[in-house]
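Colleague: okay, here's the prediction I keep looking at, along with the sequence it came from:
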Amino acid sequence: MVLRASGIASCTLEDLAEICSTNSIWTVDLAYLLQKFCVEFSYYTITFGANPNYSIEEFYKEQLPEDLVRVDLLFRKAHESGIIIQCRSVSIHEISCLLLSGNYIAIALVDQDKLSKSWLEEVLVSGLHSSNSCYTGHYVVICGYDAVRDEFEIRDPASSKIHERISSKCLENARKSFGTDEDLLLINLENMRNQNGY
């Protein structure tokens, strides 16, 4: 979706897989892909490099030892590759304002389990469902914000829904879960429209 939004329609998933050369995709891998396709973005994270503390999470256990070296190398080479990584948290208010401008969409690393069970917080009384589920890293594209309802419109590749809305509370919970490092890629659509003459 992000590549299509930036005018790149001819790239297939197979092409992207070949460029990445790994099945263990980290946000820094996505940043290098965006850079390769000349997409203007800002990269935010609260952890510079791979966090070895994630080895306790089932999601990371198998790949983390191998990924630590590869991911840390990508982080170290990022600046010389033209990728600026800002080590800070981005508030939900900042995200909503940027989306409301119409000039940005975002790719966020979320805990898929917390995201997919978001309806539970609306239906069940707090404390009636287990919050001890395992972390599962997952990326969603955040493409809109409804200020009246305080909901974000997302595109979730794991969902069969074309348009999906989630509360800001749910997004914040899934985005700030242990394992995500609050990773966020903000895609600048305004510059792409100007370059493409839109």
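Modeller: Alright, I've got the coordinates.
Colleague: in this protein, which spans are strands?
Modeller: 41-45, 85-87, 104-111, 137-146, 151-155, 164-167, 184-188 (DSSP state E).
Colleague: need the residues that contact the shortest one.
Modeller: Read that as strand 85-87. Applying C-beta atoms under 8 Å, 6 or more residues apart in numbering, the external contacts of strand 85-87 come out as Val28, Ala31, Ser42, Tyr43, Tyr44, Thr45, Ile46, Thr47, Phe48, Phe75, Ala78, His79. For the C-beta atoms, the positions are set from N, CA and C on the backbone; glycine is no exception.
Colleague: what pairs with it, parallel or antiparallel?
Modeller: strand 41-45 (parallel) (DSSP bridges).
Colleague: pull the CA atoms of the strand it pairs with into CSV?
Modeller: Output in CSV follows, covering the C-alpha atoms of strand 41-45 (Å, rounded to 0.1, in the frame of the first residue of the first chain):
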residue,chain,number,x,y,z
PHE,A,41,10.1,9.0,5.4
SER,A,42,11.0,9.6,9.1
TYR,A,43,12.0,6.7,11.3
TYR,A,44,11.2,6.7,15.0
THR,A,45,12.1,4.1,17.6
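Colleague: next one: it to chain centre, how far?
Modeller: How far strand 41-45 lies from its chain's middle: 10 Å, per C-alpha atoms, centre = their mean, to the nearest Å.
Colleague: average model confidence for it?
Modeller: Average pLDDT, strand 41-45: 97.
Colleague: before we move on, what about stretch 179-188?
Modeller: According to the model, stretch 179-188 has a mean pLDDT of 96.
Colleague: distance between the ends of that stretch?
Modeller: 26 Å (C-alpha to C-alpha, to the nearest Å).
Colleague: and Ile170, what's its pLDDT?
Modeller: Residue 170: Cys, not Ile. 95.
Colleague: hang on, the earlier thing: Lys61: which of the contacts of strand 85-87 is nearest?
Modeller: Thr47 (17.9 Å; C-beta to C-beta).
Colleague: check contacts around the closest one.
Modeller: Thr47 neighbours (C-beta under 8 Å, 6+ apart): Cys87, Asp181.
Colleague: related to what we said a few turns ago, adding mean neighbour count and distance to Glu62, write the strands of the chain out as a markdown table.
Modeller: Below are the strands of the chain laid out as a markdown table (neighbours: other C-beta atoms under 10 Å; distance: least, C-beta to C-beta, whole Å):
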| stretch | mean neighbour count | distance to Glu62 |
| --- | --- | --- |
| strand 41-45 | 21 | 22 |
| strand 85-87 | 15 | 25 |
| strand 104-111 | 24 | 18 |
| strand 137-146 | 20 | 13 |
| strand 151-155 | 20 | 28 |
| strand 164-167 | 17 | 29 |
| strand 184-188 | 23 | 25 |
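Colleague: quick one: which of those strands is nearest Glu57?
Modeller: strand 137-146 (8.9 Å).
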